[in-house]
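Participant: got a sequence here, can you build the structure:
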Amino acid sequence: MRAAIYARVSTPRQARAQKIDEQLERLEAHVEEKGFTLGKEHVYLDEGYSGSSLSRPGLDHLRDAAAMAEFEVLLVTAPDRLARKYIHQVLLIEELQGRGCRVEFMERPMSQDPNDQLLLQIRGAVAEYERTLITERMRRGRLAKLRAGQLLPWIRVPFGYRTDPEHPRDPAGLRIDEYEAAIVRQMFAWYLERGATLGTIARRLTEAGVLTPTGKSVWSRSTIRGILKNPAYVGNAYGHCTYLAPAKSRRSPLEPVGGGVTNKRRPEDEWIPVPVPEIVNQQTFELVGEKLSHNRKFARRNNKSHHYLLRTLVSCGACRQGSNARTTWDGRGYYVCRGHHEIVAEQRCRARHAPAGRLDELVWQDLCEVLTHPDHIKAALQRAHGGEWLPQELKVKLGGLEKAVAQIERQDKRLLDAYLGGVLELAEFERKRKELKGRSDALLAQKRQLEATARERTELSGVADSIEEFCEQVKAGLSNATFEQKRALVELLIDRVIVSDEDVEIRYVVPTSTDGPHQPFCHLRTDYLLPLLEVAQRRAAAPSPRPAS
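Facilitator: Residues are numbered from 1 along each chain as shown. Reported below is the predicted structural model:
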């Protein structure tokens, strides 16, 4: 019989302690004892991967090989080596058995006997509880060591420091890297020069060939800012400063929300200080902090001395970055893509500047047209009510679930006919019917979830009357609106204005309640493109804008 073996340890430290070798020796001895055939390609290992997740390279290769029927039996030392969670254990065992592969655990051979199945459930629950308990103990242990000054608060060592490779979190092994420390001191000195900016420092370091903390050749402003604001350089490192939370922001308005989680700051009174060697004196650090705060306050993005109707709402269609509002020395306003200021010249965006006056006028006229003729909004909502907005994938999933539920209903009817016809005994009938009911309940739960998602979209048609009423409320004051009123209306109804050479795409949002236009429901007219012919003609006739000094 062709066999495969699977072994796993959770941490690299366990791998170094040869614990995975112990599992392999026991499994290979068991293969010889049973007389199975084991090929080298069917030894699957996961070193340093947690059993709480199914995303493991060794396990993925094992499942792919099982799908190709490359072996008939899988040997594992214990259920918690296969997975820590009981539901994951059941999923994997059922998947492998469906591929014609039997799963055997050395420490406690399992069968279809109810007692063995109950024991498998109990062991899975205990393993999951044990993992949670270990995680909590480790968290509390780290906090205790931080408070005692026996643990460095860093996962990645800051630029300018080195740690003992064997004990990277031990404060006793922390030392200053003189080369990097000299660069850090130079960065602080450069920033205190008159007229120096974060971009100035980034360009100097890049041109000098200094590598970033992550080994890259190009420095970014955010990396420089992080170093200049890090209190560790004055001897005050802090731990327990952040916690994980779902990500709500994105790098660009035209990109999806990244990552699933992000780090959030805890209140400063919860931070735990850990003393470290000093690289920069306190006075220099405070002067740099004051300049950073001052520059942030008076940055162009926060300077509102000039009137720009679409401030913070314009994006570049070429590089997908946002655009800042600029006024040249002769008083002309432009929306300038942030990609123009990349540190490396080859990476800079070459898109033209968008004349602010023309673009503001164009977007305002289109907004007035939308508000005075809300028919296309109502038509879009009617399409939503008809289900045209439901994604094709959602429709396919609903259709597949409905077919599966209908098939189970037919199987249940045939099962009842077989029982009534005397083909099945009562015990067998109840067992099979219970299996069908479990499948049916799972499918119906998925169907209810998808239908709830569909209802959220189809219920949008109920806001048509409130849309029309809102348009009537604002229509009368459009012609005499002040700049502040126009700006408030633009912020309310427009999500992004995307400029791509001579085309402009306007993405609208629409209020959903007569109580007040506070809650947008979705983007409309995402394919709405307007040719900016007049802007193109003016660009061709006018000289290139000079940046404001």
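Participant: every contact and neighbour count from this point should use C-alpha atoms.
Facilitator: Will do.
Participant: other SSEs contacting the strand ranked longest in the chain?
Facilitator: When the chain is parsed with DSSP state E, its longest strand is strand 37-47. Strand 37-47 makes packing contacts with strand 2-9, helix 19-34, helix 57-67 when contacts are defined by 3 or more CA pairs under 8 Å, 6 or more residues apart in numbering; DSSP states H and E.
Participant: ranking helices and strands of this structure by mean pLDDT, which lands last?
Facilitator: strand 529-531 (a mean of 33; mean pLDDT, DSSP states H and E).
Participant: care to break this structure down by domain?
Facilitator: Using automatic domain parsing, the domain ranges for the chain come out as 2-134, 161-297, 387-463.
Participant: of all these, which one is nearest Lys475?
Facilitator: When the domains of the chain are compared by CA to CA, domain 387-463 sits nearest Lys475, at 18.3 Å.
Participant: let me know the average pLDDT across that closest one.
Facilitator: Computed over domain 387-463, the mean pLDDT rounds to 74.
Participant: returning to what we had before: direction included, what does the longest strand of the chain pair against?
Facilitator: strand 2-9 (parallel) (DSSP bridges).
Participant: what are the contacting residues of the partner strand?
Facilitator: Contacts to strand 2-9, defined as CA atoms under 8 Å, 6 or more residues apart in numbering, come from residues 15, 19-20, 23-24, 27-28, 31, 36-39, 42-51, 59, 70-77, 81-82.
Participant: which of the residues you listed are buried?
Facilitator: 15, 20, 23-24, 27-28, 31, 38, 42-51, 59, 70-77, 81-82 (16 or more other CA atoms under 10 Å).
Participant: what helix or strand is Pro277 on?
Facilitator: Pro277 is part of no helix or strand, with elements assigned from DSSP states H and E.
Participant: ok, and the closest non-adjacent residue to it?
Facilitator: Gly235 (5.3 Å; CA to CA, 6 or more residues apart in numbering).
Participant: need phi/psi at that neighbour.
Facilitator: phi 90, psi 10 (degrees, to the nearest 10).
Participant: go ahead and confirm it touches Ile279.
Facilitator: Yes: proximity of Gly235 to Ile279 meets the contact threshold set by CA atoms under 8 Å, at 7.4 Å.
Participant: tell me which other helices or strands the one helix or strand Glu430 maps to touches.
Facilitator: Secondary-structure assignment from DSSP H and E places Glu430 in helix 426-458. Here helix 426-458 touches helix 375-385, helix 392-420, going by 3+ CA pairs under 8 Å, 6+ apart.
Participant: still on that earlier bit, orientation of the longest strand of the chain relative to helix 57-67 in degrees?
Facilitator: Angle, strand 37-47 to helix 57-67, by axes from the mean of the first three to the mean of the last three CA atoms, to 10 degrees: 150 degrees.
Participant: pLDDT on strand 37-47, on average?
Facilitator: Averaging pLDDT residue by residue across strand 37-47 gives 88.
Participant: contacts for it, please.
Facilitator: So strand 37-47 is in contact with 1-12, 15, 20, 31, 56-59, 61-62, going by CA under 8 Å, 6+ apart.
Participant: how does it look with 6 Å?
Facilitator: Applying CA atoms under 6 Å, 6 or more residues apart in numbering, the contact partners of strand 37-47 are 1-9, 58.
Participant: tell me the buried residues within those residues.
Facilitator: By 16+ other CA under 10 Å, these give 2-9, 58 as buried.
Participant: how about those, which pair is most distant?
Facilitator: Arg2 and Val9 (24.5 Å).
Participant: measure Glu136 to Arg142 for me?
Facilitator: The gap separating Glu136 from Arg142 is 10 Å, by CA to CA, to the nearest Å.
Participant: where does Pro273 fall, phi/psi-wise?
Facilitator: phi -80, psi 140.
Participant: what's the distance between the nearest residue to Tyr161 once chain neighbours are set aside and Asp164?
Facilitator: Sequence neighbours aside, Ile176 is the residue nearest to Tyr161 in space, at 4.6 Å (criterion: CA to CA, 6+ apart). Distance from Ile176 to Asp164, counting by CA to CA: 12 Å.
Participant: comparing those two, which residue is more hemmed in?
Facilitator: Ile176 (16 against 13; other CA atoms under 10 Å).
Participant: if we can go back for a sec, out of the domains of the chain, nearest to Val490?
Facilitator: Across those, closest to Val490 is domain 161-297 (CA to CA), at 16.2 Å.
Participant: I'd say Ala356 and Val336 touch.
Facilitator: No: applying CA atoms under 6 Å as the test, Ala356 and Val336 come out as separate, 9.5 Å apart.
Participant: where is pLDDT lowest across the buried ones among the contacts of strand 37-47?
Facilitator: Of all these, Val9 has the smallest pLDDT value, namely 84.
Participant: can you confirm Tyr308 is in a strand?
Facilitator: No: assessed with DSSP: H, G, I helix; E, B strand; the rest coil, Tyr308 is coil; it does not lie in a strand.
Participant: got a list of what Leu340 touches?
Facilitator: One correction, residue 340 is His, not Leu. Here His340 is in contact with 348-349 (CA under 6 Å, 6+ apart).
Participant: shouldn't it be within a strand?
Facilitator: No: assigned with three-state DSSP, His340 falls outside any strand and is helix.
Participant: so it versus Gly209, what's the distance?
Facilitator: 22 Å.
Participant: what of Ala7?
Facilitator: 45 Å.
Participant: so Tyr49 touches Pro57, yeah?
Facilitator: No: if you go by CA under 6 Å, Tyr49 and Pro57 don't touch, sitting 9.0 Å apart.
Participant: shaky segments in the stretch 51-200 of the chain?
Facilitator: The stretch 51-200 of the chain contains residues with pLDDT under 70 at 108-129.
Participant: what do you get if the cut-off is 90, keeping everything else the same?
Facilitator: Scanning the stretch 51-200 of the chain with the threshold set as pLDDT under 90 gives 51-72, 77-157, 163-174, 177-180, 191-200.
Participant: quick one, strands of it?
Facilitator: Along the stretch 51-200 of the chain, counting by DSSP state E, counting those that start in this stretch, strands occupy 73-76, 102-105, 161-162, 175-176.
Participant: so what strands line up beside the first one?
Facilitator: In the sheet containing strand 73-76, the strands it pairs with under DSSP bridges are strand 2-9 (parallel), strand 102-105 (parallel).
Participant: as TSV, those strands with distance to Ala406 would be great.
Facilitator: Below are the strands paired with strand 73-76 laid out as TSV (distance: least, CA to CA, whole Å):
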stretch	distance to Ala406
strand 2-9	38
strand 102-105	31
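Participant: of all the ones you listed, which lies closest to Thr328?
Facilitator: strand 2-9 (62.1 Å).
Participant: ramachandran angles for Ile272?
Facilitator: Torsion angles, degrees, to the nearest 10, at Ile272: phi -110, psi 110.
Participant: contacting residues around it?
Facilitator: 238-239.
Participant: return the distance of the residue nearest to Pro277 relative to Glu32.
Facilitator: In terms of CA to CA, Gly235 sits 60 Å off from Glu32.
Participant: more neighbours: these two, which one.
Facilitator: Taking neighbours as other CA under 10 Å, Gly235 and Glu32 compare with Gly235 leading, 18 against 11.
Participant: give the contact list for the more buried one.
Facilitator: Here Gly235 is in contact with 275-278 (criterion: CA under 6 Å, 6+ apart).
Participant: pLDDT at it, what is it?
Facilitator: Taking Gly235 on its own, its pLDDT is 88.
Participant: for Glu136 and Arg142, indicate the residue with more neighbours.
Facilitator: Using other CA under 10 Å as the criterion, Glu136 and Arg142 rank with Arg142 on top: 18 against 12.
Participant: skipping adjacent residues, who's closest to the more buried one in space?
Facilitator: Per CA to CA, 6+ apart, closest to Arg142 is Leu151, 7.4 Å.
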